[in-house]
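**Student:** output the structure for:
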Amino acid sequence: MFTLSEKFRVLNTPSETRVFDAANAEVITSAAILDTDRLFIEGYGNFDVAKIANIKMRRSVPASIDSRDFTALAPAGLAIGDAIEVCVYIQTSRYQSEILATNHLGNGRTIKFMTLPLTAVTPTAIAAAIVAGWQSWLAAFTVGQPFLDVVAGAAATDVQFNSTPGYESITIQKVGIKRVVQGQGPQSEVLLTQSVVNSVGFEGLGLGKFLEESVRMATPMNTDPYGVDVTGTRVDIRGSYTEVSFDYSTSYEENLGTTAADFGHTGLGGPAIGGVAATHTFSIFLNEATSLAVDDAIAKLAAIALLRAAVLASLTATVTPAPLSAADERTEVLIFTDGSSVDTVAAFIA
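**Tutor:** Numbers count the residues shown, from 1 in each chain. Model (predicted):
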């Protein structure tokens, strides 16, 4: 039969990934794994470690909100009794653009709100007025989950603008303020200086919610959307997963009459003419809540990755700080949560 060249599987328990030695005794500790051993993955089968031609592992990365401090200032001509209009310009990735953007390609809607009339014209008073103005806006326009938060910054003249959990795709590009005076036309906008970047918005990597939609896509019309697997391989949308991808290269002896998807011509009804090389790519996602302990599934696969990097010129296992270059991304076998690479099992599962 014809099969896909790349296979995906989600595993939530460490017992579904085991290693056996040449005598078929299970290897319990990751440090004892050898090139002569055999890897067994539930649902995939057996793999000789020595025939793994390529392997990469990447730990999950938690989502982080975008948080930046901006220094307040007083626009020219501002007086006591004037109000300030605050304009927050955001950008968002395509993943959430349908919620926040007008053109669905990344530029988010501008968020505008007003302060109360000022009682003092100083940067500190303006910073406090902006924070209070945001709270007034929230009270007037009730939303279940606001995707922006505005609080006092580190310094008395700073205002901190944050995305909120669930909207980590947002990046706060800039903040501008305008003087608002009754009876006068629109005033010029003044941009605030960004003083501190507390954290950069990032949607995360290897999170269950992304696996659910990309690896386990289902529709309400499916009565058993996960029927290809068992309960233990369903995606935990709250979970974090380490991704493992490896190529397995070996020769097959098949009695096939025609050229198949993965095999060359082997004769018409007669015995196979030698072994025919074939390579498959397998990707598995291991639940870190259950498989990250010492000598569990992630540690054993990391040990195998280090073994293969020691003998294959195309693979490397080095300590390289983040961010990795494109070349490093292609060769490093153990990529850690901060985007760096490591060279030991202990550092990878830390």
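
**Student:** check contacts around the closest residue to Trp137 other than its chain neighbours.
**Tutor:** The shortest distance from Trp137 to any residue other than its chain neighbours is 3.9 Å, reached at Phe113 (Cβ to Cβ, 6 or more residues apart in numbering). Yep, even glycine has a C-beta here, placed from its N, CA and C like the rest. Residues in contact with Phe113 (Cβ atoms under 8 Å, 6 or more residues apart in numbering) are 85-86, 133-134, 136-137.

**Student:** make it 10 Å
**Tutor:** By Cβ atoms under 10 Å, 6 or more residues apart in numbering, the residues touching Phe113 are 84-88, 130, 133-138, 140-141, 148, 150.

**Student:** so it, which of the three states?
**Tutor:** The local conformation at Phe113, judged by DSSP: H, G, I helix; E, B strand; the rest coil, is strand.

**Student:** before we move on, the earlier item: and the contacts of Phe113, which is the shakiest by pLDDT?
**Tutor:** Sorting these by pLDDT puts Phe141 at the bottom of the list (82).

**Student:** okay, and which of the contacts of Phe113 map to helices?
**Tutor:** Using DSSP state H, the subset of those located in helices is 130, 133-138, 140.

**Student:** where do the strands of the stretch 101-250 of the chain begin and end?
**Tutor:** Using DSSP state E, counting those that start in this stretch, the strands of the stretch 101-250 of the chain run over 111-114, 148-152, 158-163, 170-180, 189-191, 193-199, 241-252.

**Student:** still on that earlier bit, of the ones in helices among the contacts of Phe113, select the buried ones using a PyMOL command.
**Tutor:** In PyMOL, this line selects whichever of those come out buried by 16 or more other Cβ atoms under 10 Å:
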select buried, resi 130+133+134+137
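
**Student:** farthest pair within the ones in helices among the contacts of Phe113?
**Tutor:** Ile130 and Ala140 (15.6 Å; Cβ to Cβ).

**Student:** and the closest residue to Thr36 other than its chain neighbours, which of the three is it?
**Tutor:** Excluding the flanking residues, the one nearest Thr36 by Cβ to Cβ, 6+ apart is Ala22, at 5.5 Å. Here Ala22 is recorded as coil under three-state DSSP.

**Student:** contacts only, for Ala22.
**Tutor:** Neighbouring residues of Ala22 by Cβ under 10 Å, 6+ apart: 34, 36-38.

**Student:** in this structure, which helix or strand is least confident?
**Tutor:** Within the chain, no helix or strand scores below helix 97-100, which has a mean of 56 by mean pLDDT, DSSP states H and E.

**Student:** for the residue nearest to Trp137, list each beta-bridge partner.
**Tutor:** On the basis of DSSP bridges, Phe113 is bridged to Val86.

**Student:** also Val197?
**Tutor:** Assessed by DSSP bridges, Val197 has beta-bridge partners Arg68.

**Student:** neighbours of the residue nearest to Ala152 when sequence neighbours are not counted, how many?
**Tutor:** Spatially, and ignoring its direct neighbours in sequence, Ala152 is nearest to Val131 (5.6 Å; Cβ to Cβ, 6+ apart). Val131: 16 surrounding residues under other Cβ atoms under 10 Å.
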